[in-house]
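**Student:** sequence first, predicted coordinates after that:
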Amino acid sequence: MLWKILVVFVISMIPLIELRGAIPVAIGMDLGLPEWAVLIIATIGNIVPVPIIYFFARKFLEWGSKRKWKPLKQFCSFCLKKGEKAGAKLLKKTGDYGTFFALFLFVAIPIPGTGAWTGTLAASILKLDFKKTIISITAGILVAGLIMLIASLGLFKVIF
């Protein structure tokens, strides 16, 4: 039973896959876990990396942009410049609370590249408020999890 929980938990922590992949895998593999447990485990697994990303992503990019190794320096500088430029544009359009609602929507819509990792990276680069970021990201993860659970249950019941 523990390995089943770990499978869902670990998959939901993987960048770009997150709970968007963990929930369908758990339902498809028929791990024998109740659907509500799959949702809770995947949600917690997806939330665990968020504070780490928030506090260290920008620091890593700043550190990397000052290194001598050209590929690392170029990549980190590109990410910082692109993120700050896009963030300034978003903040100008939406204001403070609109930005957090946009962050919530970005995470809540379960399409590739719009998960908690990417949303938290953006919040870190923009130096958004930590508490508001955690609330937006967590709410987005919950909505994405519910969407994926409903889609997975419906999809697999039709197929099988």
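**Tutor:** Structure received.

**Student:** where do the helices of the chain begin and end?
**Tutor:** Using DSSP state H, the helices of the chain run over residues 2-13, 18-28, 35-47, 49-64, 70-108, 116-125, 130-159.

**Student:** export the ones you listed as CSV, with columns for mean neighbour count and mean pLDDT.
**Tutor:** Heads up, the C-betas are built off the backbone N, CA and C, glycines and all. Putting the helices of the chain into CSV (neighbours: other Cβ atoms under 10 Å; pLDDT from 0 to 100) gives the following:
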stretch, mean neighbour count, mean pLDDT
helix 2-13, 17, 90
helix 18-28, 24, 90
helix 35-47, 20, 94
helix 49-64, 16, 93
helix 70-108, 15, 85
helix 116-125, 23, 90
helix 130-159, 17, 88
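
**Student:** now do the contacts for Ile41.
**Tutor:** When contacts are counted by Cβ atoms under 8 Å, 6 or more residues apart in numbering, Ile41 is found next to Ile5, Val8, Phe9, Ser12, Ala22, Ala26, Leu33.

**Student:** which residue is the nearest non-sequential neighbour of it?
**Tutor:** The shortest distance from Ile41 to any non-neighbouring residue, by Cβ to Cβ, 6 or more residues apart in numbering, is to Val8 (4.6 Å).

**Student:** repeat for Gly64
**Tutor:** When the adjacent residues along the chain are set aside, Gly64 lies closest to Cys76, with 3.2 Å between them (Cβ to Cβ, 6+ apart).

**Student:** what do you get for Val38?
**Tutor:** Looking at Val38 with Cβ to Cβ, 6+ apart, the closest residue is Ala26, at 4.5 Å.

**Student:** try Val143
**Tutor:** Counting by Cβ to Cβ, 6+ apart, Val143 lies nearest to Ala108, which is 3.8 Å off, once chain neighbours are set aside.

**Student:** now Val107
**Tutor:** Using Cβ to Cβ, 6+ apart and skipping residues adjacent in sequence, the residue nearest Val107 is Gly140, 2.7 Å away.

**Student:** quick one: contacts for that neighbour?
**Tutor:** Gly140 makes contact with Leu103, Phe104, Leu105, Phe106, Val107, Ala108, Ala116, Gly119, according to Cβ under 8 Å, 6+ apart.

**Student:** ok, now with 6 Å
**Tutor:** The neighbourhood of Gly140, defined by Cβ atoms under 6 Å, 6 or more residues apart in numbering, consists of Phe104, Val107, Ala108.

**Student:** kindly report the same for Pro24.
**Tutor:** With contact taken as Cβ under 6 Å, 6+ apart, Pro24 is in contact with Ser152.
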